[in-house]
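J.: Fold the following for me, if possible:
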Amino acid sequence: MGRPKCYASPAARQAAYRERLHAEMVLVNRDSLAQWEERVSRLLDAIAAAAHAGDPLARQVTRPQQDATLDALIAWFTPHAQASAMPTTEATAPARSALGLRTPTGPPERG
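T.: I've put the predicted structure just below:
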């Protein structure tokens with residue numbers, strides 16, 4: 001005897017799959033993603049150049065991998081943000097808007 005069916009039809013199974021996929025995935029604008037990656041690359045290049053020129057902060061946060069460099073920047077700036085009297089959302093809003101980032105206000109919209 002086979003196992004009981006979870007879905008009444010192949011269409012119902014496909015609909016359930018699409019629903020799970022939609023819950024796990026996010027639609028991304030490829031142009032925006034490419035621009036973001038280019039900006040991160042320019043930031044990391046600037047950090048590497050500053051480290052080569054002798055900047056102490058750049059030397060402290062420079063790592064062989066991009067993710068490790070970004071993590072080092074986060075680790076360096078986090079104590080400074082925590083020492084600030086402003087709440088994090090107010091403190092980061094001007095920097096996020098200057099970088100062209102939106103501060104999320106709720107769940108992402110799906111279309």
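J.: What segments of this protein are helices?
T.: Along the chain, the stretches classed as helices by DSSP state H are 10-24, 30-53, 56-61, 66-83, 88-98.
J.: averaging pLDDT over each of the ones you listed, which comes out lowest?
T.: Note on those: helix 88-98 shows the lowest mean pLDDT, a mean of 59.
J.: Return the distance of the residue nearest to the spatial centre of the chain relative to residue 63.
T.: Closest residue to the average C-alpha location of the chain: residue 36 at 9.9 Å, with C-alpha atoms, centre = their mean. As defined by C-beta to C-beta, to the nearest Å, residue 36 lies at a distance of 20 Å from residue 63. Bear in mind the C-beta positions are built from the backbone N, C-alpha and C, glycine included.
J.: Over to residue 51?
T.: From residue 51 to residue 63 the distance is 10 Å (C-beta to C-beta).
J.: Check residue 16 too.
T.: 43 Å.
J.: sorry, back to before: and the helices of the chain: which comes nearest residue 3?
T.: helix 10-24 (13.8 Å; C-beta to C-beta).
J.: next one: the closest one to chain centre, how far?
T.: 26 Å (C-alpha atoms, centre = their mean, to the nearest Å).
J.: and if you look at stretch 10-27?
T.: Relative to where its chain is centred, stretch 10-27 has its mean C-alpha point 24 Å off (C-alpha atoms, centre = their mean).
J.: before we move on, what about stretch 5-19?
T.: 32 Å.
J.: With stretch 39-59 instead?
T.: 20 Å.
J.: Quick check: buried residues in that stretch?
T.: By 16 or more other C-beta atoms under 10 Å, the buried positions in stretch 39-59 come out as 44, 47, 50, 51, 58.
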